[in-house]
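J.: Model the following, please.
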Amino acid sequence: MTNTGKIHRGLRRSAAVASLAAGGLMLAALPAAAQKDIVIGAKEPGSSFYTYAAAIAGVLTKATGKTGKVLSVAGAGVWLPMMENKEADVGLVSHYQGWVASVGRKPFPRKYDVRLVLVGGGINVGLYVRNDSPIKSRKEIKGKRIGCKYAGSPVIHTYAEAEIANPGYGWGDLKCVPRTSLYAGQRNDVKENRLEVFYASVGSGVTRELDSTIGIRFLGVDPAPEAVTRMNKVYPVVVTKVKAGPPGIREDMWLVRLPVYLITQKNVSADVVYEVTKALWDQNEALKKAHKRTRSWDRGNFADPQAILPYHPGAIRLYKEKGAWTKQMEDAQAGLTKGM
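T.: As a prediction, this is how the structure comes out:
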């Protein structure tokens, strides 16, 4: 996640640029209305968010008669303020980052009135152990060694904190072993038994390698309301059922999912948001074929009752037309907008 220093450096880049998804041409960021284009905020080239944005830009260019452009900057801390000045229309964030922006927690200096356009792809994450570990469930992780702090990416500490909260534990109940990054030393931590419990994403290169050599087992979360409520006190989680098959998943289980959100702000034109949503809905197959990372961007997930941000009216309009705005969605939206 973008740290405060990066945000400040990014904000000083007042001449932020937008790169065309097709051809990589660099253009000065101008208001979308003046350019007759649709500008998508994303991180720099090389990031997953840039890849998603480029795929979306390509679809929008073909489907809307406007030009989809990627605003390649340090992150949401840069393009969210630009959105208020009509220099961006939508942007890509993790669901956690979108929520942090909406409540004004670090690294964001204030609240942003963000709205959801759609829920894209994502990854499942959770705790795992070696196959030869005596630990069979999360209830048994108390007192065990686990990575924490993650100086290079502090948000991982928050994610892991929610995972250990599921069975009712906090950091004081386990042996917190500081780590700089999530994966840099995880292979050796597992191979040499430096730690006893590990946090990772399902299907990551490290877990695939470790499962094929040593053997690992993910520990499913307890989906009971009270257990999920404990997790939600750390940050709003999304819990989904994962079928057996991926490395470390030997049986069906519930795990946390970290979805990618395409967001906007409340003041962005409903017509623009509707146009974006309609193009990505109607051209969903083209979006999924654009890159291997967008294969999971299925329109069946666009309108999600588990979303932790309220939807923009422009997106709601499209979902109602397509029959995707159900009573469950209406109730979820009412809960999220209550008191706003």
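J.: Helices of the protein, start to end?
T.: For the chain, applying DSSP state H gives helices covering 4-11, 32-35, 48-64, 76-84, 95-103, 155-165, 186-191, 205-213, 225-232, 270-282, 284-289, 313-321, 327-337.
J.: Ile123: which of these is closest?
T.: Ranking these by their distance to Ile123 (criterion: Cβ to Cβ) puts helix 48-64 first, at 9.7 Å. Yep, even glycine has a C-beta here, placed from its N, CA and C like the rest.
J.: angle of that closest one against helix 95-103?
T.: Relative orientation of helix 48-64 and helix 95-103, computed by axes from the mean of the first three to the mean of the last three Cα atoms, to 10 degrees: 80 degrees.
J.: buried set for helix 48-64?
T.: 48-61, 63-64 (16 or more other Cβ atoms under 10 Å).
J.: go on, stretch 198-207?
T.: In stretch 198-207, counting by 16+ other Cβ under 10 Å, buried: 198-202, 204, 206-207.
J.: In those residues, find the pair that's most separated.
T.: Phe198 and Val202 (12.3 Å).
J.: Packing partners of the strand ranked longest in the chain?
T.: Identified as the longest strand of the chain according to DSSP state E is strand 114-130. Counting contacts by 3 or more Cβ pairs under 8 Å, 6 or more residues apart in numbering; DSSP states H and E, strand 114-130 is packed against helix 95-103, helix 155-165, strand 198-201, strand 216-219, strand 253-265, helix 270-282, helix 313-321.
J.: make it 6 Å
T.: helix 95-103, strand 198-201, strand 216-219, strand 253-265 (3 or more Cβ pairs under 6 Å, 6 or more residues apart in numbering; DSSP states H and E).
J.: what pLDDT, on average, does that strand get?
T.: Mean pLDDT, strand 114-130: 96.
J.: Using PDB, write out every CA atom in that strand.
T.: Coordinates of the C-alpha atoms in strand 114-130 are reproduced here as PDB (Å, rounded to 0.1, in the frame of the first residue of the first chain):
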ATOM      1  CA  VAL A 114     -15.600   7.300  -2.500                       C
ATOM      2  CA  ARG A 115     -18.200   5.100  -4.200                       C
ATOM      3  CA  LEU A 116     -17.900   1.700  -5.800                       C
ATOM      4  CA  VAL A 117     -18.300   1.000  -9.500                       C
ATOM      5  CA  LEU A 118     -17.700  -2.700  -9.500                       C
ATOM      6  CA  VAL A 119     -15.900  -5.500  -7.700                       C
ATOM      7  CA  GLY A 120     -13.200  -7.000  -9.900                       C
ATOM      8  CA  GLY A 121     -10.900 -10.000  -9.400                       C
ATOM      9  CA  GLY A 122      -9.000 -10.800  -6.200                       C
ATOM     10  CA  ILE A 123      -7.000 -13.300  -4.200                       C
ATOM     11  CA  ASN A 124      -7.800 -15.600  -1.300                       C
ATOM     12  CA  VAL A 125      -5.400 -15.300   1.700                       C
ATOM     13  CA  GLY A 126      -5.000 -17.000   5.000                       C
ATOM     14  CA  LEU A 127      -2.900 -18.800   7.600                       C
ATOM     15  CA  TYR A 128      -1.000 -22.000   6.800                       C
ATOM     16  CA  VAL A 129       1.300 -24.500   8.500                       C
ATOM     17  CA  ARG A 130       3.600 -27.200   7.400                       C
END
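J.: Give me the distance between it and the centre of its chain.
T.: The chain centre lies 5 Å from the centre of strand 114-130; the measure is Cα atoms, centre = their mean, to the nearest Å.
J.: What residues sit buried inside that strand?
T.: For strand 114-130, by 16+ other Cβ under 10 Å, it's 114-130.
J.: any chance of the helices of the chain in TSV, with distance to Pro247 and mean pLDDT too?
T.: What follows is these, written out as TSV (distance: least, Cβ to Cβ, whole Å; pLDDT from 0 to 100):
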stretch	distance to Pro247	mean pLDDT
helix 4-11	32	38
helix 32-35	43	43
helix 48-64	20	94
helix 76-84	31	92
helix 95-103	24	93
helix 155-165	18	95
helix 186-191	13	94
helix 205-213	4	93
helix 225-232	24	97
helix 270-282	31	97
helix 284-289	23	96
helix 313-321	35	98
helix 327-337	33	96
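J.: quick revisit: and of the buried residues of helix 48-64, the nearest to Ile40?
T.: Ala53 (4.5 Å).
J.: give me the beta-bridge partners of the closest residue to the closest one other than its chain neighbours?
T.: Nearest non-adjacent residue to Ala53, counting by Cβ to Cβ, 6 or more residues apart in numbering: Ala42, 3.6 Å away. Applying DSSP bridges to Ala42 gives these bridge partners: Ser72.
J.: which residues touch Ala42?
T.: 49-50, 53, 70, 92 (Cβ atoms under 6 Å, 6 or more residues apart in numbering).
J.: change it to 10 Å
T.: For Ala42, the contacting residues are 18-19, 21, 48-54, 56-57, 70-73, 75-76, 79, 88, 90-93, by Cβ atoms under 10 Å, 6 or more residues apart in numbering.
J.: can you check Gln333 too?
T.: Listed by Cβ under 10 Å, 6+ apart, the contact set of Gln333 reads 116, 303, 305, 307, 310-311, 316, 325.
J.: Now, of the residues you listed, which are buried?
T.: Counted by 16+ other Cβ under 10 Å, the contacts of Gln333 give 116, 303, 307, 310-311, 316, 325 as buried.
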